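A.B. asks: Predicted model follows, preceded by the sequence.
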Amino acid sequence: MWYSSPMQCPRAVFFDLDDTLAESFHPPVPEMLERLRRLLEHVPVAIITGASFQRMHEQFLTSFETHPNISQLYIFPTSSAQAYIYAAGIWELLYDLAITEADREHIKKGIADAVSRIDALKDVPHFGEQIIDKGSQIAYTPVGVEAPKELKDSWDLDGSKRLTLLSLLKDKLPEFEVLMGGVTTIDITRKNVNKAYGVRWLSERLSIPIGEMFYVGDAFSETGNDTVVIPTGVEWRAVSGPAETKRILDELIAACSA
């Protein structure tokens, strides 16, 4: 964890998206985007998330495209199964650890079978898709991607429903990475493809020791999808939501502007 007081300026900063930079499945508010643009003036910034690139592009990425340091913004969608940068006027795909079509179908069948075995997941009212195929990741949310925030926040307060599903899916799909994302979602990628992969990859690309980088996320519980970055040695801080992330961004901007 990042213990420096006052905050020191890291050499690169990672941010989770849902429930860190923005409310789940919503774009970051303008005040958050402005802070990110200011931080990008000083250090490389990475957004590392279970969200798809398409969703991020539609919601907010175009607002960075005229930034003078846009080449220092790294986007890691689908839990680091992909990486993008903006170069020569386009978003360039740097790598894609896609799941084969046959494996994606296998995962979807595994999810359907696991859900059918859990009484708490039967006949759950849902809004929008429950299984989202992102090519490099399959995500499952019982309440649906369009569920109102109040329902997402209250549906599984103690995490017990998803923990039961997580355990079943780990047994059924041992050849894949299965982690919790956000407040209602299970994310499934290729084995060992998770946010730690993105941290290590960017460290190598930028030739920056992992211990000199900083990670901000909300899901640092035992099964949260941010917890996997801790063994990499990256400095990190857990947040309770976007309001706390804004305060950390203010600290970082002040430290990096000094």
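C.D. replies: Thanks, I have the structure now. Keep in mind it's a predicted model, so treat the numbers as computed, not measured.
A.B. asks: what are the ranges of the strands in the stretch 1-150 of the chain?
C.D. replies: Using DSSP state E, counting those that start in this stretch, the strands found in the stretch 1-150 of the chain span residues 12-15, 45-48, 73-76, 82-87, 90-96, 131-133, 138-140.
A.B. asks: helices and strands around the second one, which ones?
C.D. replies: Using 3 or more Cβ pairs under 8 Å, 6 or more residues apart in numbering; DSSP states H and E as the contact criterion, the elements in contact with strand 45-48 are strand 12-15, strand 73-76, helix 195-206. The C-beta positions use only the backbone N, C-alpha and C, and glycine is treated the same way.
A.B. asks: From the chain's centroid, how far away is the helix or strand that the last one is followed by?
C.D. replies: On the C-terminal side of helix 195-206, the closest following helix or strand by DSSP states H and E is strand 213-217. Chain-centre distance of strand 213-217: 12 Å, with Cα atoms, centre = their mean, to the nearest Å.
A.B. asks: Adding mean pLDDT, distance to Glu175 and mean neighbour count, write the helices and strands packed on strand 45-48 out as CSV.
C.D. replies: Listed next are these as CSV, based on pLDDT from 0 to 100; distance: least, Cβ to Cβ, whole Å; neighbours: other Cβ atoms under 10 Å:
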stretch, mean pLDDT, distance to Glu175, mean neighbour count
strand 12-15, 98, 27, 24
strand 73-76, 98, 22, 24
helix 195-206, 98, 16, 20
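A.B. asks: so which of the ones you listed gets nearest Ile188?
C.D. replies: helix 195-206 (14.0 Å; Cβ to Cβ).
A.B. asks: From the chain's centroid, how far away is the closest one?
C.D. replies: When C-alpha coordinates are averaged (Cα atoms, centre = their mean), helix 195-206 and its chain have centres 14 Å apart.
A.B. asks: what do you get for stretch 126-136?
C.D. replies: Using Cα atoms, centre = their mean, the offset of stretch 126-136 from its chain centre is 16 Å.
A.B. asks: Of the strands of the stretch 1-150 of the chain, which is nearest Ala255?
C.D. replies: Among the strands of the stretch 1-150 of the chain, strand 12-15 comes nearest to Ala255, with 10.7 Å by Cβ to Cβ.
A.B. asks: for the stretch 151-258 of the chain, what spans make up the strands?
C.D. replies: 176-181, 185-190, 213-217, 235-238.
A.B. asks: now these as TSV including mean pLDDT, distance to Thr100 and mean neighbour count?
C.D. replies: Below are the strands of the stretch 151-258 of the chain laid out as TSV (pLDDT from 0 to 100; distance: least, Cβ to Cβ, whole Å; neighbours: other Cβ under 10 Å):
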stretch	mean pLDDT	distance to Thr100	mean neighbour count
strand 176-181	90	12	24
strand 185-190	94	10	24
strand 213-217	97	29	25
strand 235-238	95	33	18
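A.B. asks: closest to Leu97 out of these?
C.D. replies: strand 185-190 (5.5 Å).
A.B. asks: Quick check: closest non-adjacent residue to Leu168.
C.D. replies: For Leu168, ignoring the flanking residues on the chain, the nearest one in space by Cβ to Cβ, 6 or more residues apart in numbering is Ala114 at 4.2 Å.
A.B. asks: Can you give me every residue that contacts the one you found?
C.D. replies: 165, 168-169, 172 (Cβ atoms under 8 Å, 6 or more residues apart in numbering).
A.B. asks: Can you pull the domain assignment for this structure?
C.D. replies: 12-97+193-257, 101-190 (automatic domain parsing).
A.B. asks: Just give me the lowest mean pLDDT stretch among these.
C.D. replies: Least confidently modelled of the domains of the chain is domain 101-190, at a mean of 92 by mean pLDDT.
A.B. asks: how close does Thr184 sit to Asp16?
C.D. replies: To Asp16, Thr184 is 15 Å away according to Cβ to Cβ, to the nearest Å.
A.B. asks: Wait, His126 touches Pro142, no?
C.D. replies: Yes - the criterion here is Cβ atoms under 8 Å, and His126 meets it with Pro142 at 6.5 Å.
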